[in-house]
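Peer 1: Quick one: sequence and predicted model below, then my questions.
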Amino acid sequence: MNTKYIFITGGVVSGLGKGITAASLGRLLKNRGYKVVNQKLDPYINVDPGTMSPYEHGEVFVTEDGAETDLDLGHYERFTDVNLNKHSSVTTGRIYQDVIEKERKGDYLGKTVQVIPHITNEIKAHIYQFANEGVDIVITEIGGTVGDIESLPFLEAIRQIGIDKEQNDVLYIHVTLLPYIQGSNELKSKPTQHSVKELQSLGIKPNILVCRSEKEIPTSMKEKIALFCNVKKEDVIQNTTVSNLYEVPLMLEEQGLAIQVCKYLGLDKNKPKNEDWKKMIENIKKIKNEVNIAIVGKYVKLEDSYLSVVESLSHGGFANSVKVNINFIDSEKVDSNNISELLRNIDGVVVPGGFGDRGIEGKIQTIKYVRENNIPFLGICLGMQMAVVEYARDVLKIKDADSEEFNKYTENPVIHIMENQIGIYKKGGTMRLGSYPCVLKKDTLAYRIYGNKEINERHRHRFEYNNEYKEKFEKAGLICSGLSPNGELVEIIEIKNHPFFIAGQFHPEFKSRPDKPHPLFKGLISACIQEKMKKLKK
């Protein structure tokens with residue numbers, strides 16, 4: 001079978017759920033037995049989102065091979081349970097960087113380098129490379145909205161692919177908005193018509209329209225959209241709000257999206273195996289009990305900054321049959337005077353990753369409080385480092401203990417850059433990125449949670465636990481329960497005689513799935529339930 005290519009564009013406004021549509025379609029096609037991979041083409045000029053503030057673009061999602069990518073790749077992985085790589089995230093900056101490097105090396109033999117064909121050919125090469133990996137279907141989402149000047153080279157490239165390939169090997173899906181006008185109590189199709197007209201003016205005729213709507217789309221409206229947008233009525237797919245994000249694949253299945261996709265692409269495996277996904281959704285809908293989890297971070301003004309953490313907590317809730325209510329707490333506003341009030345109704349706390357010294361003291365105060373008051377705690381990356389700093393200051397009484405990230409002149413850098421370990425990093429100099437193995441010590445909480453001696457987790461950090469203090473920490477009760485295979489790097493720390501106090505130098509949220517919750521999040525929620533039950537009995 002030839003590799004099939006599906007392109008998903010967006011119109012009218014941003015934030016309509018192109019990423020969720022792409023991820024959901026990936027799940028539906030995978031459930032039909034096809035090998036599917038998702039890809040995101042982003043129009044911004046940054047080479048990748050690694051240097052961008054979370055307030056600009058949400059979280060930076062890290063793949064197994066260490067690529068810093070758009071958060072939509074997190075949706076793709078969670079829905080399809082496929083580990084993606086650097087080829088699934090392509091930006092304008094990366095394309096231009098690759099083309100300029102080739103031009104400098106003389107690869108273009110002295111020709112004038114232009115958007116067409118050189119930039120568009122480079123984009124196409126990034127899309128076509130999946131054919132070499134034995135992929136059946138490539139689902140490529142184009143970031144931004146049709147009409148944006150930044151997206152034009154990507155749209156031109158996917159137009160050309162429609163000519164390069166056989167007709168039944170390429171499919172275009174356009175996601176648009178049907179706004180609801182409350183005063184007249186009706187949906188309006190004109191924005192969709194204009195968006196499709198804009199796309200057609202660029203030489204792309206969408207095969208399927210996925211229409212985002214808060215209300216059910218009447219048959220007469222579907223017929224009108226089909227007529228004015230030059231598609232068949234059955235190719236107008238309704239995308240309405242559902243009670244849980246993970247219901248979207250089943251909702252789109254009911255609307256016939258996957259069936260129409262299979263028809264256009266000549267795919268013969270039409271019968272889906274959605275039973276396990278349906279069972280998961282049914283179990284989620286039966287959940288009645290709740291737990292309250294606080295995420296104490298520095299980027300809480302934009303919840304997408306911690307998107308994967310939020311989703312992973314929900315996954316942990318699914319596994320424990322509870323709904324997880326998230327409370328975002330700005331670590332800049334936390335101090336020793338208000339921490340007890342801020343955490344008054346909280347069952348568990350997560351201190352996530354980040355960079356820079358803003359809000360650090362609030363994180364340290366939070367960790368001190370949960371440690372002393374037996375509140376279940378999970379530290380992630382920077383959260384682990386601050387747990388080490390807090391323990392050094394408040395238990396070992398090393399008052400000036402700090403991380404070199406915040407105080408390079410501290411006499412007690414319990415967190416530092418291990419210069420002699422730079423060679424182990426895959427890329428980025430002192431940035432440790434991607435998946436690395438970790439060996440767990442037996443008779444520890446980490447070992448009980450994972451149930452394995454060796455694990456692999458994804459990293460994104462520059463600073464490490466300082467082994468010079470290891471003996472002092474362990475004598476005082478802060479156990480190093482997970483180490484790199486060579487024993488040089490501390491990956492996990494934990495405290496004994498605490499309901500649940502564990503922190504990792506990695507980002508477990510990047511590997512959690514709704515039907516395969518990450519052990520650390522599953523364990524955290526389980527501990528929260530147990531502690532809540534103890535309080536109720538009292």
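Peer 2: Yep, that arrived.

Peer 1: only C-alpha atoms for contact and neighbour calcs from this point on.
Peer 2: Will do.

Peer 1: So which residues of the stretch 101-250 of the chain form strands?
Peer 2: Counting by DSSP state E, counting those that start in this stretch, residue ranges of the strands within the stretch 101-250 of the chain are 137-142, 170-177, 180-181, 186-187, 208-212, 236-239.

Peer 1: and the fifth one, what's its mean pLDDT?
Peer 2: Per-residue pLDDT over strand 208-212 has a mean of 96.

Peer 1: what are the pairing partners of it, and which direction each?
Peer 2: With DSSP bridges as the criterion, the sheet partners recorded for strand 208-212 are strand 170-177 (parallel), strand 236-239 (parallel).

Peer 1: Just the CA trace of it, in CSV.
Peer 2: Only the C-alpha atoms of strand 208-212 are listed here, as CSV (Å, rounded to 0.1, in the frame of the first residue of the first chain):
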residue,chain,number,x,y,z
ILE,A,208,-14.1,17.0,4.3
LEU,A,209,-15.2,19.8,6.5
VAL,A,210,-15.1,19.4,10.3
CYS,A,211,-17.4,22.1,11.6
ARG,A,212,-16.9,23.2,15.3
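
Peer 1: OK, contacts around the nearest residue to D268 once chain neighbours are set aside?
Peer 2: For D268, ignoring the flanking residues on the chain, the nearest one in space by C-alpha to C-alpha, 6 or more residues apart in numbering is C262 at 7.1 Å. Under the criterion of C-alpha atoms under 8 Å, 6 or more residues apart in numbering, the contact partners of C262 comprise D268, K269, N270.

Peer 1: In a helix, C262, correct?
Peer 2: Yes. C262 sits within a helix when classified using DSSP: H, G, I helix; E, B strand; the rest coil.

Peer 1: so how far is S331 from I339?
Peer 2: Plainly put, I339 is 10 Å away from S331 if you go by C-alpha to C-alpha, to the nearest Å.

Peer 1: tell me which element the most centrally placed residue in the chain is part of?
Peer 2: Centroid-nearest residue in the chain, with C-alpha atoms, centre = their mean: G74, separated by 2.6 Å. According to DSSP states H and E, G74 maps onto helix 72-80.

Peer 1: Tell me the helices and strands packed up against that helix.
Peer 2: The contact analysis (3 or more C-alpha pairs under 8 Å, 6 or more residues apart in numbering; DSSP states H and E) places helix 72-80 against helix 18-30, strand 36-42.

Peer 1: need the ones you listed in CSV with distance to A294, mean pLDDT and mean neighbour count, can you?
Peer 2: Supplementary listing: these in CSV, determined by distance: least, C-alpha to C-alpha, whole Å; pLDDT from 0 to 100; neighbours: other C-alpha atoms under 10 Å:
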stretch, distance to A294, mean pLDDT, mean neighbour count
helix 18-30, 26, 97, 25
strand 36-42, 31, 97, 25
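
Peer 1: okay if I get the ones you listed as TSV plus distance to T9?
Peer 2: What follows is the helices and strands packed on helix 72-80, written out as TSV (distance: least, C-alpha to C-alpha, whole Å):
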stretch	distance to T9
helix 18-30	7
strand 36-42	10
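
Peer 1: Nearest to R212, out of the ones you listed?
Peer 2: Ranking the helices and strands packed on helix 72-80 by proximity to R212 (C-alpha to C-alpha) places helix 18-30 first, at 9.9 Å.

Peer 1: who's in contact with I455?
Peer 2: I455 sits in contact with P437, C438, V439, L440, where contact means C-alpha under 8 Å, 6+ apart.

Peer 1: what does the model give it for pLDDT?
Peer 2: According to the model, I455 carries a pLDDT of 97.

Peer 1: Would you agree it falls within a strand?
Peer 2: Yes. Following the definition three-state DSSP, I455 is counted among the residues of a strand.

Peer 1: For the stretch 401-538 of the chain, just list every one of the strands.
Peer 2: Using DSSP E, counting those that start in this stretch, the strands of the stretch 401-538 of the chain run over 402-403, 413-416, 432-440, 454-461, 464-465, 478-483, 490-495, 501-504.

Peer 1: outside of the fifth one, which residues touch it?
Peer 2: In this case it means strand 464-465. Contacting residues not belonging to strand 464-465 are listed as Q385, V388, V414, I415, H416, I417, M418, L489, V490, Q505 [C-alpha under 8 Å, 6+ apart].

Peer 1: The second one now?
Peer 2: With C-alpha under 8 Å, 6+ apart as the test, strand 413-416 has contacts from 385, 388-389, 392, 401-405, 463-466, 469.

Peer 1: Sheet partners, orientation included, of that strand?
Peer 2: Using DSSP bridges, the neighbouring strands of strand 413-416 in the sheet come out as strand 402-403 (parallel), strand 464-465 (antiparallel).

Peer 1: May I see the buried residues of that strand?
Peer 2: Applying a neighbour-count criterion of 16 or more other C-alpha atoms under 10 Å, one finds P413, V414, I415, H416 buried in strand 413-416.

Peer 1: State the pLDDT value of I398.
Peer 2: At I398, the pLDDT value in this model is 96.

Peer 1: who's in contact with the nearest residue to L307 once chain neighbours are set aside?
Peer 2: Spatial nearest neighbour of L307, excluding adjacent residues (C-alpha to C-alpha, 6+ apart): E59 at 6.6 Å. Counting by C-alpha under 8 Å, 6+ apart, E59 touches D70, L71, D304, S305, Y306, L307, S308.

Peer 1: what secondary structure does the fifth one sit in?
Peer 2: Same thing as Y306. Secondary structure assignment for Y306 (three-state DSSP): helix.

Peer 1: What does the pLDDT read for it?
Peer 2: Listed pLDDT for Y306 reads 95.

Peer 1: for it, what are its contacts?
Peer 2: Per C-alpha under 8 Å, 6+ apart, neighbours of Y306: G58, E59, Y299, V300, P352.

Peer 1: Please verify my assumption that P179 contacts L187.
Peer 2: Yes. With the criterion set as C-alpha atoms under 8 Å, P179 and L187 qualify as a contacting pair; they are 5.7 Å apart.
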